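Trainee: Got a predicted structure plus its sequence, pasted below:
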Amino acid sequence: MMNDLDQLEAQSIYILREAFNRLDKIAMLWSIGKDSNVMLWLARKAFFGHVPFPVLHVDTSYKIPEMIEFRDRVATEWNLPLIIGQNKAALAAGMSPEQGRVTCCSALKTEGLKALLAEHGYTGVIAGIRRDEEGTRAKERVFSPRNDTNEWDVRDQPPEFWDQFKTDFAPGTHLRIHPLLAWTELDVWRYIAREGIPVVDLYFAKNGRRYRSLGCAPCTGSIASTASTVDEIVEELETTKTSERAGRAQDRESEDAFERLRAAGYM
Amino acid sequence: MSNTSPLKIVVVGHVDHGKSTLVGRVLHETGALPEGKVEYLKEVCDKRGMPFEWAFVMDALQAERDQGITIDTSQLRFHTGNRPVLIIDAPGHKEFLKNMITGAASAEAALLVIDADEGVQEQSRRHGYLLHLLGLTQIAVAVNKMDLVEWSESRFHEVEAEIRAYLGGIGVIPTHVVPVSARGGDNIATASTKSPWYQGPSVIGALDGFSAAASVTDLGLRLPVQDVYKFDHRRIIAGRIESGRIKVGDRLVFSPSGKSARIASIEGWAGSDISVVTAHAGQSVGVTLDEPIFVERGQVAHLAEGAPALAHEIRARVFWLGRDPLALGDRLKLKLATAEYHVEVAAIERVIDVEDLGSHQGAQVGRNAVAEVVLRSRGAMAFDSFGDNARLGRFVLVHGYDIVGGGIIAQALDNRNIFQVDHQVTTESRARANGHKGGVLWLTGLSGAGKSTIAMELEKRLFQKGWQINVLDGDNVRHGLCSDLGFSHEDRTENIRRVGEAAHLFARAGMLVITAFISPYRADRDRVRSIDPQAFHEIHIATDLEECERRDPKGLYRKARKGEIADFTGISAPYEAPENPELALNTDGKSVEETVSELVAYVEAEFGRNAVESRSA
C-alpha cells in the first residue's frame, strides 16, 4: 500500500511529466529553500535521473551567503542546467528593503523573474509553492495561467479537476506549474528525512535559533528552536502552532500585501 | 505520527448558507489554526468595522472579504482526533460553479450545508446533483443557522425532509443530517445543549463516519501512456497506473493501436539501485518493453483480458461550464486520461433540470446545465464506462484555450465494432469515424422540379446532424470544373461525366455528396452509377412537366415555349426518366420541408449509423 508521502510523490511526478510533455519551453524555479530542493529531487525521479529543463535562480543579491554556496555546490554535484537572473538595473538604482519591503520584493524578485522569463521565452515555469503556506496560495491551481504581464487573475481561475490541467493558452501568456501545492511543511520535512535530500544548514538550530523559511537576509527572521537535525525538525513541526511564514516580514505590511504581490506575478 | 493520506471532504451548498463559516469553525474547534490566527482575523474585522467573521479563515482574497462570499475553492488539513482530513471549501454562488467543481471533483465525501431559515435552495440542489454525477455517494447534511429559527425542532425536520426527498430522487441517502450553528459553535465538535431533541453525531462525528475511497488496485490494468523518454540508452514508457497492477513479464496491449509487447523492466532512476518488479494503482512508473513497438502518449496499456471499450461514439452525461451554450454540431477537444480526441456533438438527447430532476428536449445546453449527449470522435477512443472504472470513464471538454465542461461516460454506442486501426485508411474506417457511410445521392428531374432547393435544404439538415456533406450543383461546377463546356448533347454528357467522377471521389473520402443536375440522359446517369454501384443512389425528383411549367421559377419554360431557348429539356429536348431509381419523390402538394424529411429518413436508413454497423458487423 502507498502511504501519504508515496501518494504525494506520485502525484507530483505526474504533474512534472504533464508540464514537460504539454509545454514547449519550461523551466524550474530554484529558491535554494527546502521546497525547491524537494522539487528538484522529484524531477530527477520523474525523468529517471535527468533534469530535462533549465533551473532558474533569481538572485536578489540580498540572499544569505550560505544559500549561494549551497546552490553552486548542488548544481555541480547534480549537474543542473542552472540559469541565474538578477534585476541589475534596480540594484544599480539602489533598490533595497529600505524602499519598502513589498516594493523591494516586486522589483528584485517579481521583475527579476519577469525579465528572465521574457529573455528566454518560457511558456511554463515550475514553482514550489504550497497551499498550506498562506491563504491566497491555498486558492491556487496546479496549472495556473498568467497573462502577458505575468498577472494572476485570482477572481477568474480556470476549472481544474480529474487531473486534467489547463495546457492550452494564448500566445504571450504562460503557465505557472505547482507540483507541491498539496504538500504541507511537515510533509516536506518528512520526505526530506525519508529520501535524504540535502538542505542548507541554516534550517538547523545553532545557539537556540534556526530559520524555518528562507528568503533574503534583511526580511527573514529566525525562530527560537533547538531542532538541529531533520528528525528533530519533524518532531518540532508535529507540535508547533506557529505559522511558517511568521518570520517573513513582507507578508504583514497590510491585510492584502501578499495577495497584491502574487497578483502582480510573485511566486 | 499518522502516515495515512487525509480523507478529502468537500463542503458545498447555496451561497450564504454558511459553508466558509462552518469550515473556519471546524478548523478552530479541532485546533488546526496556527497561533495568533484568530487574533489576527479579529484585527482585520475590527479594521473593517465588522463583527468577527469565521469565514475569513478560508476567504483570504480581498474580493471575498469585501463581498462576503467565497469566490474560489481552497483547502486545509486538520485532524478529527481519529484521522487526518483535508477539508475543501467550495463557493456556493452560481457564478463560480467551475470553482465548486474544481474543489468537489477530488473529494471522497461531502458535507452539504443548508440554511435552516431559507431551507433548500437552487444551489443546494445543483450541488447535490453534481456531487452525485461526480461519483460522490457519501453525503452528510448540516442544517446551519439553527439560532435564526430559535433551534426549532419542527423547522429542522421540515428542512431535513425536504433535502432527504431531493437526494432520494437521485439515489443518495445522507449519512447524517445535523442541526448546527456554525457561528455559535453548536454541534460542531460536541453535542450542544440547545438541541436536546437531537441524538445524532456532531459535524466532526459525521465526518468521522465517512470511509475512504475504495482501492482501484483490484480493477483491470489501465496504464495511460503519458510520455515516452529517451534520455539515455533506455526507451522508457512513462505513465501513472490508474487501476490494477503490473509486473515484469506481463504482456501489455496498447489501445487503440492493438500493438502488444512484454514489460522488460520497471525503471527506477539512476540515483537508486532498488530493483522493482511490480507496481500498482496510484504509482507514476516507467517501463521498458521487450519489443520496439510504436507507442505514444494517449494510448492505454492494459492486459489482454479485461480490455477497455473502443468506440467512435459515446453517450455521456456532461456538465457545461462554457460561456456560450453547447450546441448540436459543436466541435470540441475531449481529454480523457492522457488522450485527446476531436469530437463533435452528434446529439443532445436530453437536458436535465436539476431543480425538479425533470428532463426536456433541447437543441442546446446552457452554462452550468447538465445534459445527456452523444459525442462522436474522428478516431477510435479507448475508455471504460464510468460505472466500470471511473478513472477511464470521465473526461473534460476543451474549446479554444479553455476547459468548458466535463462528463462521465454512460456507454459506447458502436461498441460492437471493436477493431484495430489499420495503417491504411479504409472506407470502413472512414465510415466509422464519421458515423455514416460516404456515397452519392444523385438527384435527377426536370428544370423547376425542386432539385437544388431540396439539395440545399437536405445539406443543411444533415450538416446540423454532424454529417460530412457536400452539394454539387450546376452553379458551382459550371463556373470551374466545367467552365469550358456548353449545352450541346456532347457537352452535357461530358459535364455529367466530370460531375460523376468528382462526386465519387468525395464519396470515397467518406463524404455524402448530393448532386442536383437535370441529367436527362439515362445512359449518362448509368455511366456515373457504374463508377461505384454500391455508393450511387439515384433519386428521381418526379415533379411532372405541367407542375414544373406552372412554377417556372426562372422563367425558362416561357422562353423555351417562345423558342428563345434551344434544346430545353421537356420542351425541345428529351428527359429520360429513371426506370429503377433507388427512390422517387413526388413533390406535388408537398412542402419542401415534407419532401426533405422523407429524404432525411431515407438517407439515415441507407447511409446512417445502423448502415455502418450492419455493413461491418
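Mentor: Received, thanks.

Trainee: got the residue ranges for the strands in chain A?
Mentor: A:26-29, A:55-58, A:82-85, A:124-126, A:143-146, A:174-177, A:209-210, A:223-224 (DSSP state E).

Trainee: packing partners for the last one?
Mentor: Contact analysis of strand A:223-224 by 3 or more C-beta pairs under 8 Å, 6 or more residues apart in numbering or on different chains; DSSP states H and E lists strand A:209-210 as its packing neighbours. No exception for glycine: its C-beta is placed from N, CA and C like everyone else's.

Trainee: Could you report the neighbour count for the closest residue to residue A:80 other than its chain neighbours?
Mentor: Leaving aside its sequence neighbours, residue A:80 sits nearest to residue A:55 (C-beta to C-beta, 6 or more residues apart in numbering or on different chains; 4.9 Å). Close neighbours of residue A:55, defined as other C-beta atoms under 10 Å in any protein chain shown, add up to 23.

Trainee: how near is residue A:55 to residue A:40?
Mentor: With distances taken as C-beta to C-beta, to the nearest Å, residue A:55 is found 7 Å from residue A:40.

Trainee: what residues are shared contacts of those two?
Mentor: A:28, A:30, A:80 (C-beta atoms under 8 Å, 6 or more residues apart in numbering or on different chains).

Trainee: Relative to chain B, which of the residues you listed is nearest.
Mentor: Proximity of the shared contacts of residue A:55 and residue A:40 to chain B (C-beta to the nearest C-beta) peaks at residue A:80, which lies at 13.6 Å.

Trainee: Check which helix or strand residue B:538 maps to.
Mentor: Using DSSP states H and E, residue B:538 falls within strand B:536-541.

Trainee: buried sites along the helix or strand following that strand?
Mentor: Moving toward the C-terminus from strand B:536-541, the next helix or strand (DSSP H and E) is helix B:545-551. Neighbour counts using 16 or more other C-beta atoms under 10 Å in any protein chain shown place B:545, B:547, B:548, B:549 of helix B:545-551 among the buried residues.

Trainee: about what we covered before: need the shared contacts of residue A:55 and residue A:40 in CSV with neighbour count, pLDDT and distance to residue B:148, can you?
Mentor: Output for the shared contacts of residue A:55 and residue A:40, formatted as CSV (neighbours: other C-beta atoms under 10 Å in any protein chain shown; pLDDT from 0 to 100; distance: C-beta to C-beta, whole Å):
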residue, neighbour count, pLDDT, distance to residue B:148
A:28, 25, 97, 51
A:30, 25, 94, 52
A:80, 19, 93, 59
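
Trainee: Residue A:239: which of those is nearest?
Mentor: Nearest to residue A:239 among the shared contacts of residue A:55 and residue A:40: residue A:30, at 30.4 Å, using C-beta to C-beta.

Trainee: The closest one and residue B:362: what is the separation?
Mentor: 52 Å.

Trainee: so who does residue A:59 touch?
Mentor: Residue A:59 neighbours (C-beta under 8 Å, 6+ apart): A:68, A:84, A:85, A:86, A:112.

Trainee: Check residue B:163 too.
Mentor: Residue B:163 neighbours (C-beta under 8 Å, 6+ apart): B:112, B:114, B:120, B:124, B:128, B:141, B:174, B:177.

Trainee: Which ones among the residues you listed map onto helices?
Mentor: B:124, B:128 (DSSP state H).

Trainee: follow-up on the earlier one: quick check: the residue nearest to residue A:80 touching residue A:79?
Mentor: No. Residue A:55 is not in contact with residue A:79 according to C-beta atoms under 8 Å; the separation is 10.7 Å.

Trainee: rewinding a little: residue contacts, the residue nearest to residue A:80?
Mentor: Residue A:55 neighbours (C-beta under 8 Å, 6+ apart): A:27, A:28, A:29, A:30, A:40, A:75, A:80, A:81, A:82, A:83.

Trainee: Report the buried residues of stretch A:195-204.
Mentor: A:197, A:199, A:200, A:202, A:203, A:204.

Trainee: wait, which of those residues is closest to chain B?
Mentor: Once C-beta to the nearest C-beta is applied, the member of the buried residues of stretch A:195-204 that ends up nearest chain B is residue A:197, at 10.9 Å.

Trainee: circling back to that earlier point, show me what the strand holding residue B:538 is packed up against.
Mentor: strand B:439-444, helix B:522-531, strand B:583-585.

Trainee: do that again at 6 Å, thanks
Mentor: strand B:439-444, strand B:583-585 (3 or more C-beta pairs under 6 Å, 6 or more residues apart in numbering or on different chains; DSSP states H and E).

Trainee: so what strands line up beside the shortest one?
Mentor: The sheet places strand B:583-585 alongside strand B:536-541 (parallel), with pairing taken from DSSP bridges.

Trainee: Could you list the residues in contact with the partner strand?
Mentor: By C-beta atoms under 6 Å, 6 or more residues apart in numbering or on different chains, the surrounding residues in contact with strand B:536-541 are B:440-445, B:449-451, B:529, B:578, B:581-585.

Trainee: go on, stretch B:395-414?
Mentor: A:158-159, A:164, A:168-170, B:309, B:311-322, B:332-336, B:383, B:385-386, B:393-394.

Trainee: Please spell out which residues along it are buried.
Mentor: Buried residues in stretch B:395-414 (16+ other C-beta under 10 Å): B:395-399, B:402-414.

Trainee: so how far is that stretch from its chain's centroid?
Mentor: 3 Å (C-alpha atoms, centre = their mean, to the nearest Å).

Trainee: again, but for stretch B:370-377
Mentor: For stretch B:370-377, the distance to the chain centre is 5 Å (C-alpha atoms, centre = their mean).

Trainee: now do stretch A:75-82
Mentor: 18 Å.

Trainee: List of residues touching it?
Mentor: Contacts of stretch A:75-82 (C-beta under 6 Å, 6+ apart): A:51, A:54, A:55.

Trainee: Measure how buried the first one is and give me the count.
Mentor: This means residue A:51. Count around residue A:51 with other C-beta under 10 Å applied: 18.

Trainee: Give me the phi and psi for residue B:376.
Mentor: Backbone geometry at residue B:376, expressed as degrees, to the nearest 10, gives phi -120, psi 130.

Trainee: Oops, could you answer that again for residue A:153 instead?
Mentor: Dihedral angles (degrees, to the nearest 10) for residue A:153: phi -90, psi 90.

Trainee: Now do the same contact list for it.
Mentor: For residue A:153, the contact set (C-beta under 6 Å, 6+ apart) is empty.
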